[in-house]
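Visitor: Compute the structure for the input listed below.
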Amino acid sequence: MAPRLIISADGAEAFEGWRDSFARHAPDIGVLSWFDPATRCEDADYALVWEASDDDLRAMHHLRGILCTGAGVNHLIASPTFPHHVRLVRMGGGETGALMADYVLWALIGLLRDARTWALQQARHVWARNLVSRTSDQTRVTVLGYGQIGAVVAQRLARSGFAVSAWRRSGESGQDEGVAVHVGRDVLPDLLGSTDMLVNLLPSTPQTRFLLDEAFLARLKPGAGLVNVGRGDHLVEEALLTLLETGHLSGAVLDVQSQEPLGPDSLLWDHPRITLTPHIASEASREAQVLYLADVIRQLERGETPALLYDRARGY
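Guide: Numbering: from 1, shown residues only. The predicted structure is shown next:
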């Protein structure tokens, strides 16, 4: 019997799009709607979710796998009813990495050329020339996180002319496709001290939450920029604001925030040195998502281990 996937991701109104895309690209996988009163969850083998209530997760204890439409799954794991015996797989795929690399390149060029000033001037109908002569090859970028997506991002930046270092908690150090890879917490102080632009792509774990605090960010070179595309709980927002006001940091691009949607009274909204985007850096097309999800289900059916299988010991 074909594996059956029950879909709650993106709400009831999105189910038809998911169903049609699976029919075109993965007809060997049956799909069910979580929101159809005639559907029984126990008839499904897998579930596709973004957010899920405690009751929803309680109903998924019989599944062979839970697939999340996001790269972060902490909001699911935090539920007291999450079925830890069920395999949980994060969203990935080639398009996800390519989109993230494009976003980070855009963000870094914007910081490098002070494009935020141009946008503010245009909004006020001001014609003023803020000349910036620094080029990408004069700019040292450090990427925190060198996993599946981090490697794609760092290597793309290196090909685009930036001097690129990357940091990861464990593994091997060395050169990889133009990227100088560093390993271990003891190397971070010197690494940050040589960094002009910091890109955060770390997962959210107890060890990384609030990592980007004032002491950490103050180690960056004066005038450094920050791009946060990891998790909102990595960044201490008050620390960012303080370092922007003192001039130690020159600007920031934030795709993730501690509260999403961002609260209307947040000081981040109107800060002249901050560019905000609404958590859209790397959302692949429906077609790419379906092709990835279908491949993951087939791997699980064969008893294989998907690359982005959640590891409880690592926390991601």
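
Visitor: now for stretch 105-119, what's the gap between its first and last residues?
Guide: End-to-end distance for stretch 105-119: 18 Å, by C-alpha to C-alpha, to the nearest Å.

Visitor: Give the rounded mean pLDDT of it.
Guide: Averaging pLDDT along stretch 105-119 gives 97.

Visitor: Check stretch 291-310 too.
Guide: Regarding stretch 291-310, the rounded mean pLDDT is 96.

Visitor: Could you check the lengthiest helix in the chain and say which residues are buried?
Guide: Secondary structure of the chain per DSSP state H: the longest helix is helix 94-112. Buried residues in helix 94-112, counted by 16 or more other C-beta atoms under 10 Å: 95-101, 103-108, 110-112. To be clear about C-beta, it is placed using only N, CA and C from the backbone, and glycine gets the same treatment.

Visitor: Tell me the one of the residues you listed nearest Gly303?
Guide: For the buried residues of helix 94-112, the residue nearest Gly303 by C-beta to C-beta is Thr96; the value is 24.7 Å.

Visitor: and the helix or strand following the longest helix of the chain, what does it pack onto?
Guide: On the C-terminal side of helix 94-112, the closest following helix or strand by DSSP states H and E is helix 115-123. Contacting helix 115-123 under the criterion 3 or more C-beta pairs under 8 Å, 6 or more residues apart in numbering; DSSP states H and E is no other helix or strand.

Visitor: helix or strand right after helix 115-123?
Guide: Using DSSP H and E, the helix or strand that directly follows helix 115-123 along the chain is strand 140-144.

Visitor: quick one: that following strand to helix 94-112, angle?
Guide: Orientation check (axes from the mean of the first three to the mean of the last three C-alpha atoms, to 10 degrees): strand 140-144 against helix 94-112 gives 140 degrees.

Visitor: From the rest of the structure, what touches whichever strand or helix holds Leu67?
Guide: Using DSSP H and E, Leu67 sits within strand 65-68. By C-beta atoms under 8 Å, 6 or more residues apart in numbering, the surrounding residues in contact with strand 65-68 are 5, 45-50, 60, 76, 83, 86-91, 293, 296-297, 300.

Visitor: What residues sit buried inside the following helix or strand past that strand?
Guide: Using DSSP H and E, the helix or strand that directly follows strand 65-68 along the chain is helix 74-77. Neighbour-count burial for helix 74-77 flags Asn74, Leu76, Ile77 (criterion: 16+ other C-beta under 10 Å).

Visitor: My guess is the second one contacts Leu57. True?
Guide: Spelled out, it's Leu76. Yes - with contact defined as C-beta atoms under 8 Å, Leu76 and Leu57 form a contacting pair (7.1 Å).

Visitor: shared neighbours, the two?
Guide: Phe82.

Visitor: In PDB, list the C-alpha atoms belonging to the worst-scoring helix or strand of the chain on mean pLDDT.
Guide: Ranked by mean pLDDT, DSSP states H and E, the weakest helix or strand in the chain is helix 74-77, scoring a mean of 92. Output of helix 74-77 as PDB, limited to C-alpha atoms (Å, rounded to 0.1, in the frame of the first residue of the first chain):
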ATOM      1  CA  ASN A  74      11.800  23.600  18.500                       C
ATOM      2  CA  HIS A  75       8.200  24.700  18.700                       C
ATOM      3  CA  LEU A  76       7.100  21.100  18.100                       C
ATOM      4  CA  ILE A  77       9.600  19.500  20.400                       C
END
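
Visitor: Let me know the closest of the buried residues of helix 94-112 to Gly70.
Guide: Nearest member of the buried residues of helix 94-112 to Gly70, counting by C-beta to C-beta, is Thr96, at 10.2 Å.

Visitor: tell me the contacts of Arg314?
Guide: Arg314 sits next to Pro203, Thr205 when contact means C-beta under 8 Å, 6+ apart.

Visitor: rewinding a little: next step: the contacts of strand 65-68 restricted to strands.
Guide: Using DSSP state E, the subset of the contacts of strand 65-68 located in strands is Leu5, Tyr46, Ala47, Leu48, Val49, Arg87, Leu88, Val89.

Visitor: Now the buried members of those.
Guide: Looks like the ones in strands among the contacts of strand 65-68 have Leu5, Tyr46, Ala47, Leu48, Val49, Arg87, Leu88, Val89 buried, using 16+ other C-beta under 10 Å.

Visitor: Switch those residues over to JSON lines; also include distance to Thr205 and pLDDT.
Guide: Below are these laid out as JSON lines (distance: C-beta to C-beta, whole Å; pLDDT from 0 to 100):
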{"residue": "Leu5", "distance to Thr205": "28", "pLDDT": "98"}
{"residue": "Tyr46", "distance to Thr205": "26", "pLDDT": "98"}
{"residue": "Ala47", "distance to Thr205": "24", "pLDDT": "98"}
{"residue": "Leu48", "distance to Thr205": "24", "pLDDT": "98"}
{"residue": "Val49", "distance to Thr205": "21", "pLDDT": "97"}
{"residue": "Arg87", "distance to Thr205": "19", "pLDDT": "97"}
{"residue": "Leu88", "distance to Thr205": "15", "pLDDT": "98"}
{"residue": "Val89", "distance to Thr205": "18", "pLDDT": "97"}
